[in-house]
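Asker: starting from these lines, generate the structure:
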Amino acid sequence: MKTLLIQTTKELINYRNSLPNDSIVGLVPTMGALHNGHKSLIEHSRKTDSHTIVSVFVNPTQFGQNEDFSKYPRNIDKDFKLCEESGVAVVFAPSANEMYLKNDEITLRAPKNMGYIYEGFIREGHFDGVLSIVLKLLHLSLPHHAYFGQKDAQQLLIVKRLVQDTFLPTKIIPCPTQRDPDGLAMSSRNIYLSDLQRKEALKIPAGLSRIAKAIKEGETKTSILIELAKIELTNLDVQYLDICDYNLNSITHIQKDSSIALIAAKVGQTRLLDNLWI
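Answerer: Presented below is the predicted three-dimensional model:
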């Protein structure tokens, strides 16, 4: 099956309408600069779905005024090749004008309790933009399943709330964080790290490992777990470090299978996210 490159919403709608009724469609939304983390999402879809659509779109509405929208890595040829080699049916790579038709269009607001803490507090309006583009992509591709990495935990949980609250039929599939051999979570932003900065960045997964080890040994109090992680995070610019439930409420004791430890830290000028699903 040849991979199609589609760049307009009309083409995508026509493609989706052309599929047999018994087709099972999977969507992997990305901002491009694809790496093995994205490839794992594609592989999950390929195992389940008869047709996999990968969107490649650097979404301007989820970037703040002082963020790296213009510098965000873009290489559609490389991205398309990875998708082609992975058996993707369609790469949807629209322009911003294709996805946002008017300056004064209808917009979404992230949920008040989940969307304006952690990433939403630091990056004002970020999740408003995320939800806007995800909703558009879901309506255009009408997927049975959509795949999101657990590394972006807050995004994943808010997208699940979007689908729940708007009664969309798509099932959101969480996929495990993929790591490089040294333990650093895969991210398109890792390319910005120097060798020395990468060594510093390894303190982030080390902090999460310290939490996991303490939990295995029987510790449940989150304040103690957070202090243990801080030992590993010395000299990093930690923007937040917390343990919360799946509604993103801070908790005093971990609850198995319903808690997450979240870390965001800057290494040089590069913001890195990581987490531990407990």
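
Asker: going by C-alpha atoms from here, please, whenever you check contacts or count neighbours.
Answerer: OK.

Asker: what sits against Ala201?
Answerer: Contacts for Ala201 (C-alpha atoms under 8 Å, 6 or more residues apart in numbering) come out as Leu184, Val267.

Asker: so where do the helices sit in the stretch 1-150 of the chain?
Answerer: 9-18, 36-48, 76-85, 96-99, 119-122, 126-141 (DSSP state H, counting those that start in this stretch).

Asker: to Ile251, which of the ones you listed lies closest?
Answerer: Counting by C-alpha to C-alpha, Ile251 lies closest to helix 119-122 out of the helices of the stretch 1-150 of the chain; the figure is 17.8 Å.

Asker: can you name every helix or strand that the closest one contacts?
Answerer: helix 126-141 (3 or more C-alpha pairs under 8 Å, 6 or more residues apart in numbering; DSSP states H and E).

Asker: need the strands for the stretch 101-250 of the chain, in chain order.
Answerer: Ranges of strands within the stretch 101-250 of the chain are 145-149, 171-175, 237-245, based on DSSP state E, counting those that start in this stretch.

Asker: now for these, which one comes closest to Met114?
Answerer: strand 237-245 (10.9 Å).

Asker: ok so, going back, any idea which of the strands of the stretch 101-250 of the chain is most buried?
Answerer: strand 145-149 (a mean of 22; mean count of other C-alpha atoms under 10 Å).

Asker: in CSV, could you pull the C-alpha coordinates for that one?
Answerer: Taking C-alpha atoms only, strand 145-149 is exported to CSV below (Å, rounded to 0.1, in the frame of the first residue of the first chain):
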residue,chain,number,x,y,z
HIS,A,145,-8.7,5.1,17.8
ALA,A,146,-6.3,8.0,18.4
TYR,A,147,-2.9,7.4,19.9
PHE,A,148,-1.2,9.7,22.4
GLY,A,149,2.1,9.2,24.3
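
Asker: quick one: distance of that strand to the chain centre.
Answerer: How far strand 145-149 lies from its chain's middle: 9 Å, per C-alpha atoms, centre = their mean, to the nearest Å.

Asker: skipping adjacent residues, who's closest to His253 in space?
Answerer: Nearest non-adjacent residue to His253, counting by C-alpha to C-alpha, 6 or more residues apart in numbering: Lys221, 4.5 Å away.

Asker: who's in contact with that neighbour?
Answerer: Thr252, His253, Ile254.

Asker: next: Ser132.
Answerer: Neighbouring residues of Ser132 by C-alpha under 8 Å, 6+ apart: Thr107, Leu108.

Asker: before we move on, the earlier item: in a markdown table, list the strands of the stretch 101-250 of the chain along with distance to Leu196 and mean pLDDT.
Answerer: Output for those, formatted as a markdown table (distance: least, C-alpha to C-alpha, whole Å; pLDDT from 0 to 100):
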| stretch | distance to Leu196 | mean pLDDT |
| --- | --- | --- |
| strand 145-149 | 27 | 97 |
| strand 171-175 | 30 | 97 |
| strand 237-245 | 15 | 97 |
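
Asker: between these, which gets nearest to Ile231?
Answerer: Among the strands of the stretch 101-250 of the chain, strand 237-245 sits nearest to Ile231 (C-alpha to C-alpha), with 12.0 Å.

Asker: can you list the residues that contact the closest one?
Answerer: 118, 222, 226, 250-251, 254-255, 258-267.

Asker: I'm done for today, thanks for sticking with me.
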